[in-house]
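In: Have a look at this prediction, sequence included:
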Amino acid sequence: QVQLVESGGELVQAGGSLRLSCAASGRTFSSYAMGWFRQVPGKEREFVAGISRSGGRTYYSDSVKGRFTISRDNTKNTVYLQMNSLKPGDTAVYYCAADPRPYNVVVTRQYDYHNWGQGTQVTVSS
């Protein structure tokens with residue numbers, strides 16, 4: 001089990017940038033695949049980006065590819081989401097997720113994740 005705490009969400013103008021952070025507890029962070037998801041009221045939680053245990057593999061949704069970058073620092077037990085060229089459509093609560101994996105894979109389905117943070121609100125104004 002790992003505890004996840006997101007931070008960095010705030011109000012930003014369209015075209016701006018934000019970096020979200022997700023700090024994880026525990027000593028086995030490097031054994032977890034990590035992901036970022038987002039959700040707006042009335043809609044399903046959607047996958048944004050995922051990263052493998054080592055950080056060597058990443059995967060993005062088409063809606064954020066080329067604008068967002070996921071990364072991790074296993075020495076700091078933290079995963080990041082750098083968000084550039086933000087659009088009003090990126091407005092959502094962003095969640096960090098973790099799941100232990102024996103292999104260096106990216107996990108993209110929310111139902112495969114068993115550890116979630118509380119979320120951080122990102123609002124992009126036009």
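Out: In hand now; what should we look at?
In: So in terms of bridging, what pairs with the most centrally placed residue in the chain?
Out: Nearest to the mean C-alpha position of the chain, by Cα atoms, centre = their mean, lies W36 at 2.2 Å. Under DSSP bridges, the beta-bridge partners of W36 are A49, C96.
In: Touching, it and C96? I think so.
Out: Yes - assessed by Cβ atoms under 8 Å, W36 is found in contact with C96 at 6.1 Å. Where C-beta positions appear, they are placed from N, C-alpha and C, glycine not excepted.
In: okay, and the common contacts of the two?
Out: Common contacts of W36 and C96 (Cβ atoms under 8 Å, 6 or more residues apart in numbering): 20, 22, 79.
In: any idea which of these is closest to S54?
Out: Nearest to S54 out of the shared contacts of W36 and C96 is V79 (Cβ to Cβ; 12.4 Å).
In: Distance-wise, check the closest one relative to W36.
Out: For V79, the distance to W36 equals 8 Å [Cβ to Cβ, to the nearest Å].
In: Spit out the residues that contact the two alike.
Out: Common neighbours of V79 and W36, using Cβ under 8 Å, 6+ apart, are 22, 70, 96.
In: picking that back up, could you check how far the residue nearest to the centre of the chain is from S126?
Out: 23 Å.
In: dump the residue contacts of the residue lying closest to S31 once chain neighbours are set aside.
Out: Nearest residue to S31, sequence neighbours excluded (Cβ to Cβ, 6 or more residues apart in numbering): P100, at 5.3 Å. Under the criterion of Cβ under 8 Å, 6+ apart, the neighbours of P100 are 28, 31-33.
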